[in-house]
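> Give me the fold of what follows.
(one chain, ligands or ions: 1)
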Amino acid sequence: MTNKSGAAATRCIALSGGVGGAKLALGLSRILDPPSILVVANCGDDFDHLGLRICPDLDTLSYTLAGIANPETGWGIANDTGSFMDALSRLGGETWFHLGDKDLATHAERTWRLAAGESLSEVTAAITRRLGIETRIIPMSDDSVATVVETAAGPLAFQHYFVRERCAPAVTGFRFEGAASARVHPSLVVALAEPDLEAIVVCPSNPFISIDPMLAIPGIREALAGADAPVVAVSPVVAGKAIKGPTAKMMVELGIPVAAQSVAAHYAGFARGFVLDHADEGEAGAIRALGLEVLVTETVMRTLDDRVALAEAVMRFARVLT
Ligand code: FO1
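Numbers count the residues shown, from 1 in each chain. Coordinates of the predicted model:
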């Protein structure tokens, strides 16, 4: 299907952070025509390090959709080597943020293209094309937004909190520097108005550090709430635990019950459907009381088949909600 301008009609928009979101994006790319999927990546994790512009969620999504992601960590490239890091360590350089040799090429090429004046979207399109990815991946904005993690010991840049301090400090809140003046990516605005759009999927990413940076950009939350296509969110919390990363720890520190329904409440202003794991079926009533329709299914994605099955369930659910 193509739209009036001849481009692939967008059937699904997926809002994604890194590892968890990338799994579902991969599942969607197996059941829909990849060019009909628009994946919007969180860029609040992005930072300048060693003179390089590093965009972790864009890279995790790209590597995952290209089938080259490191399966153990979910980030970086499978079977990458560490010669650069070893040499840097011998020089006394900063090695707290691990950069594999092949991954380093991505950061270097992106940094040089950005310095030459290309936008982050243009660089992302060039890299994903080279990686043979047909699913469209865009940054949430071409303007810089930096997540700052507020802790009892003071504010931390995202990667300092997440990697250097290993998520140890207790969080008290988050700030998204630059969000107020960031412009939503025009491709997202266009896709939200496409007649063939069937679903806007909020992937099972951390609501605070992967989805909220997007919602902090003026107009995005309203555009999602006003879209004809239903917004369907997949819970990143199963049986009181987060599948990956510090979501549960953050919820405890913020005084929010570690439960799927807390995430549902977080999205209730614009989501129409919520996808809950079987383990949390007991919360369905409370989530429906928030005004959301609920789908109970298997949401833990261990295998590629799990990713595909969840993608199919989410799209079927969205079609019922329309
Ligand atoms: N996460 C870590 O826990 N340790 C690392 O050394 C690390 C390096 C790294 C390099 C490139 C990249 O794209 C991601 C990297 N990540 C690392 C993950 C990164 O912190 C992401 O922001 C998280 O995956 C959260 O989205």
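
> How far away from the center of its chain is the helix or strand hosting Ala105?
Element membership for Ala105, per DSSP states H and E: helix 101-115. Here the centre of helix 101-115 is set off from its chain's centre by 21 Å, with C-alpha atoms, centre = their mean, to the nearest Å.

> Buried residues, it. List them.
102-104, 106-107, 110-111, 113 (16 or more other C-beta atoms under 10 Å). (C-beta placed from N, C-alpha, C; glycine too.)

> Also stretch 91-99?
For stretch 91-99, by 16+ other C-beta under 10 Å, it's 97, 99.

> Then stretch 291-298?
292-297.

> pLDDT weak spots in this structure?
1, 3-7 (pLDDT under 70).

> Which residues of this protein lie near the ligand?
Residues of the chain found near the ligand (C-beta under 6 Å from any ligand atom) are 17-19, 45, 54, 56-57, 59-60, 75-76, 97-99, 103, 159, 162-163.

> from those, which would you call buried?
17-19, 45, 54, 56-57, 59-60, 75-76, 97, 99, 103, 159, 162.

> Pull the helix holding Ala105 out as PDB, backbone CA atoms only.
C-alpha atoms of helix 101-115 as PDB (Å, rounded to 0.1, in the frame of the first residue of the first chain):
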ATOM      1  CA  ASP A 101      35.100  -1.500  17.600                       C
ATOM      2  CA  LYS A 102      32.200  -2.000  15.100                       C
ATOM      3  CA  ASP A 103      29.800   0.100  17.200                       C
ATOM      4  CA  LEU A 104      32.500   2.800  17.300                       C
ATOM      5  CA  ALA A 105      32.200   3.200  13.500                       C
ATOM      6  CA  THR A 106      28.500   4.000  13.900                       C
ATOM      7  CA  HIS A 107      29.200   6.700  16.500                       C
ATOM      8  CA  ALA A 108      32.100   8.100  14.400                       C
ATOM      9  CA  GLU A 109      30.100   8.200  11.100                       C
ATOM     10  CA  ARG A 110      27.100   9.800  12.900                       C
ATOM     11  CA  THR A 111      29.300  12.400  14.500                       C
ATOM     12  CA  TRP A 112      31.000  13.300  11.200                       C
ATOM     13  CA  ARG A 113      27.700  13.500   9.300                       C
ATOM     14  CA  LEU A 114      26.100  15.700  12.100                       C
ATOM     15  CA  ALA A 115      29.200  18.000  12.000                       C
END
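
> Mind listing what's buried along the helix or strand Gly21 falls within?
Assigned by DSSP H and E, Gly21 falls within helix 19-31. Neighbour counts over helix 19-31 (16+ other C-beta under 10 Å) mark 19-29 as buried.

> The helix holding Ala105: what's the following helix or strand?
helix 120-130.

> returning to that earlier point: closest to the ligand among the buried residues of helix 19-31?
Val19 (5.8 Å; C-beta to the nearest ligand atom).

> secondary structure class for the nearest residue to the closest one once chain neighbours are set aside?
Leaving aside its sequence neighbours, Val19 sits nearest to Gly74 (C-beta to C-beta, 6 or more residues apart in numbering; 3.3 Å). At Gly74 the chain is in coil, as set by DSSP: H, G, I helix; E, B strand; the rest coil.

> residues contacting Leu28?
Neighbour list for Leu28: 12, 14, 37, 135, 201, 311, 314-315 [criterion: C-beta atoms under 8 Å, 6 or more residues apart in numbering].

> Neighbours of the nearest residue to it once chain neighbours are set aside, how many?
Spatial nearest neighbour of Leu28, excluding adjacent residues (C-beta to C-beta, 6+ apart): Ala311 at 4.5 Å. As a burial measure, Ala311 scores 27 neighbours (other C-beta atoms under 10 Å).

> Tell me how far the nearest residue to His49 once chain neighbours are set aside lies from Phe274.
Leaving aside its chain neighbours, His49 sits nearest to Phe97 (5.7 Å; criterion: C-beta to C-beta, 6+ apart). Separation of Phe97 from Phe274 (C-beta to C-beta, to the nearest Å): 34 Å.

> Likewise for Ser181?
On the measure of C-beta to C-beta, Ser181 and Phe274 end up 32 Å apart.

> repeat for Tyr267
From Tyr267 to Phe274 the distance is 7 Å (C-beta to C-beta).

> List the buried residues in stretch 251-269.
For stretch 251-269, burial by neighbour count (16+ other C-beta under 10 Å) applies to 251, 253, 256, 258-268.

> among these, which are in helices?
Those of those mapping onto helices are 251, 253, 260-267, per DSSP state H.

> Could you list every helix and strand that the lengthiest helix in the chain packs against?
Using DSSP H to assign secondary structure, the helix with the most residues in the chain is helix 304-321. If you count contacts as 3 or more C-beta pairs under 8 Å, 6 or more residues apart in numbering; DSSP states H and E, helix 304-321 packs onto helix 19-31, strand 199-202, strand 231-234, strand 273-277, strand 293-297.

> So which residues make contact with it?
12, 23-24, 26-28, 30-32, 198-199, 201, 229-230, 232, 234, 272-273, 275, 293, 295, 297-301.
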